[in-house]
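> The following block contains a protein sequence and its predicted model.
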Amino acid sequence: MNIKKRINIKELAKKVRVSVTSVSRALNGHSNISKKTKDKIFKAAEKYNYFPNLNAQRLASQKANTIAFIATVDPDAQDYVLMEFLSGVTLGIKDSPTELIVKLIRNEKEELNYYKKLIEVNVADKFIFYKTKKNDQRVSFLKKNKIKFISWGRSKDSKDTAWIDLDNEKSINILMQRLHGFGHTKIGLINVHHSLNFGFQRKKAFEDFYNKNKLKFNPNFYQDSLKSDTKTGVELTKYLLSLRNPPTAIICSTDKYFIGCIQECQRKGLKLGEDISIVGYNDHDNYLSSQNLTFISHPLSKMGRESVEMLNEIEKGHKPSSLAKLIEPILHKGKSDGKIKN
């Protein structure tokens, strides 16, 4: 494949017959350039393989204009939810001069040091991150240093910050009400660890539902883990089913847990929706919907795009807390749950 020769901004301006200033303003999204002129410049930029000199832009503005997404990940568990969210972030910066750095690391202790490093050398000036904890050091660190950021998830320190998050309490209530409506009173939850804020919110909503409906609560029906792979879903399901009086329905907080739970139930010869009810979250690659299972989803790619838009609004001077977004859970009804057997 041949590599096209790049042209500079002066050459592009000459081809379009406008000033260098007009080209610069159009490509940086200024409102004082007409749509007709912008379209003309964008088409020419694509045709003649023009790409702005990011280093020159950074030197001139003294801004990195780069979003960093840093996350600690489990190397043994592919995070499809993360990948879908990041695809949205990528789409969000597609037609802008903003760059994206993605750094996936294994050791959580290294994460905050990497934030400091990127800020100190002016490589990144905006951050998006996920898996927020109840007490999240990243939130307090970025607030203290007046760095723009969006957290995918909330923490106790999120009051004056911009965040985007699924309504975790409502999502658990939707699933619990559905199962309770089918006659289930012994409902289990296989959850992400409660040190993660969304895990804590789901745990609390789960316990609150039992209390509000005056159902007998067995603490063993709640299980969580820092691991988020299918094997963990199998092991925790095995434990729940081994109880003397096991749950008749199980909620799985991730798609990996859901798949592991199904595998273990099928291994024991239990028929979904009849012998046991199983519901869960997310739907990577349409697997859950193709199997006609009941699950909660949220628009991950859209949330990624909206995170970029929120950062842009902060740069325009909007108050971060005014941009916080709570995403409505979407229930997909399948046949993996049903009326309890008498």
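Okay, I see it. These numbers were taken from a predicted model, which means no experiment stands behind them.

> Assign the closest residue in space to Val73 that isn't next to it in sequence to helix, strand or coil.
In space, and not counting its chain neighbours, Val73 is closest to Leu104: 4.9 Å by C-beta to C-beta, 6 or more residues apart in numbering. C-beta: built from backbone N, CA, C; applies to glycine. Classification of Leu104 using DSSP: H, G, I helix; E, B strand; the rest coil returns strand.

> Which helix or strand lies directly C-terminal to whichever strand or helix holds Glu313?
Using DSSP states H and E, Glu313 maps to helix 300-315. Once the chain leaves helix 300-315, the next helix or strand it forms, by DSSP H and E, is strand 325-327.

> coming back round to it: what sits against the residue nearest to Val73?
70-73 (C-beta atoms under 8 Å, 6 or more residues apart in numbering).

> Ok, Glu11 next?
48, 50.

> what helix or strand is it on?
Assigned by DSSP H and E, Glu11 falls in helix 9-16.

> Tell me the buried residues in that helix?
9, 12-13, 15-16 (16 or more other C-beta atoms under 10 Å).

> quick one on the thing from earlier: what's across from the residue nearest to Val73 in the sheet?
Ala71 (DSSP bridges).

> switch to numbering from 231
All right, first residue 231 from here; so that's Leu334.

> Now do it, the pLDDT please.
Per-residue pLDDT puts Leu334 at 87.

> ok, how many other residues are close to His562?
Using other C-beta atoms under 10 Å, His562 has 14 other residues around it.

> so where does the closest residue to it other than its chain neighbours fall, helix or strand?
Nearest residue to His562 in three dimensions, chain neighbours excluded: Phe525, at 5.4 Å (C-beta to C-beta, 6+ apart). Here Phe525 sits within strand 524-527, counting by DSSP H and E.

> With just CA atoms, put that strand into CSV.
Output in CSV follows, covering the C-alpha atoms of strand 524-527 (Å, rounded to 0.1, in the frame of the first residue of the first chain):
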residue,chain,number,x,y,z
THR,A,524,-33.6,-11.9,30.2
PHE,A,525,-31.0,-9.1,30.8
ILE,A,526,-30.5,-5.4,31.5
SER,A,527,-28.4,-3.4,29.0
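
> Let me see the mean pLDDT of it.
The model assigns strand 524-527 a mean pLDDT of 95.

> now for that strand, which elements pack on it?
If you count contacts as 3 or more C-beta pairs under 8 Å, 6 or more residues apart in numbering; DSSP states H and E, strand 524-527 packs onto helix 398-411, strand 507-511, strand 560-562.

> picking up where we left off before, let's have the contacts of Leu334 in CSV, adding neighbour count, pLDDT and distance to Tyr280.
CSV is the format used below for the contacts of Leu334 (neighbours: other C-beta atoms under 10 Å; pLDDT from 0 to 100; distance: C-beta to C-beta, whole Å):
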residue, neighbour count, pLDDT, distance to Tyr280
Ile300, 21, 91, 31
Ala301, 18, 88, 33
Thr302, 15, 85, 38
Val303, 14, 80, 36
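
> most tightly surrounded among the helices and strands packed on strand 524-527?
strand 507-511 (a mean of 27; mean count of other C-beta atoms under 10 Å).

> Let me know the average pLDDT across the helix or strand that that strand is followed by.
Using DSSP H and E, the helix or strand that follows strand 507-511 in sequence is helix 517-520. Averaged over helix 517-520, pLDDT sits at 74.

> Which strands or helices does the host helix or strand of Phe430 pack on?
Element membership for Phe430, per DSSP H and E: helix 427-442. In terms of contacts (3+ C-beta pairs under 8 Å, 6+ apart), helix 427-442 is packed against helix 398-411, strand 417-422, strand 452-455.

> In the stretch 281-430 of the chain, where is pLDDT below threshold?
Low-confidence segments of the stretch 281-430 of the chain, defined by pLDDT under 70: 281-294, 305-307.
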